[in-house]
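**Q** sequence unknown, structure follows:
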């Protein structure tokens with residue numbers, strides 16, 4: 001049987017491990033392969049290992065905030081208080 005290749009030995013190991021894990025949880029062989037391939041490809045896209053320029057899709061929600069915005073959101077009042085102070 002032909003073995004899948006995801007560009008590196010690390011990604012091939014990741015694929016095989018996910019496939020084995022899905023099989024152990026009772027998934028069929030075809031479903032396990034599909035899950036493993038999708039997960040591996042998702043990781044490759046996020047790490048920038050695929051061909052193409054930038055990100056295909058922008059992250060949404062709290063993940064798209066800058067580091068400063070995340071810090072401000074954790075403090076009492078956050079950005080809203082900072083804006084109020086600067087208007088005075």
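**A** Arrived safely, thanks for sending. Given the structure is predicted, the values throughout are model-derived calculations rather than measurements.
**Q** Strands along this protein, start to end?
**A** Applying DSSP state E to the chain gives no strands.
**Q** Show me what the helix ranked longest in it is in contact with.
**A** Ordering each helix of the chain by length in residues (DSSP state H) puts helix 29-47 first. Contacts to helix 29-47, defined as C-beta atoms under 8 Å, 6 or more residues apart in numbering, come from residues 4, 6-7, 11, 14-16, 18-20, 22-23, 27, 50, 55-56. The C-beta positions use only the backbone N, C-alpha and C, and glycine is treated the same way.
**Q** Any buried residues in that helix, and which?
**A** 32, 33, 35, 36, 39, 40, 43, 44 (16 or more other C-beta atoms under 10 Å).
**Q** Closest to residue 72 out of those?
**A** residue 43 (30.4 Å; C-beta to C-beta).
**Q** quick one: the closest one from residue 69, how far?
**A** Residue 43 is 26 Å from residue 69, where distance means C-beta to C-beta, to the nearest Å.
**Q** now swap in residue 38 and tell me
**A** In terms of C-beta to C-beta, residue 38 sits 31 Å off from residue 69.
**Q** what does residue 16 give?
**A** 39 Å.
**Q** Then residue 36?
**A** 35 Å.
**Q** Low-confidence ranges, the protein, go.
**A** 1-3, 53-65, 73-88 (pLDDT under 70).
**Q** again, 50 this time
**A** 1 (pLDDT under 50).
**Q** where exactly do the helices run in it?
**A** Going by DSSP H, the chain shows helices at 9-24, 29-47, 67-74, 78-87.
**Q** Can you name every helix or strand that the third one contacts?
**A** What that stands for is helix 67-74. Here helix 67-74 touches helix 78-87, going by 3 or more C-beta pairs under 8 Å, 6 or more residues apart in numbering; DSSP states H and E.
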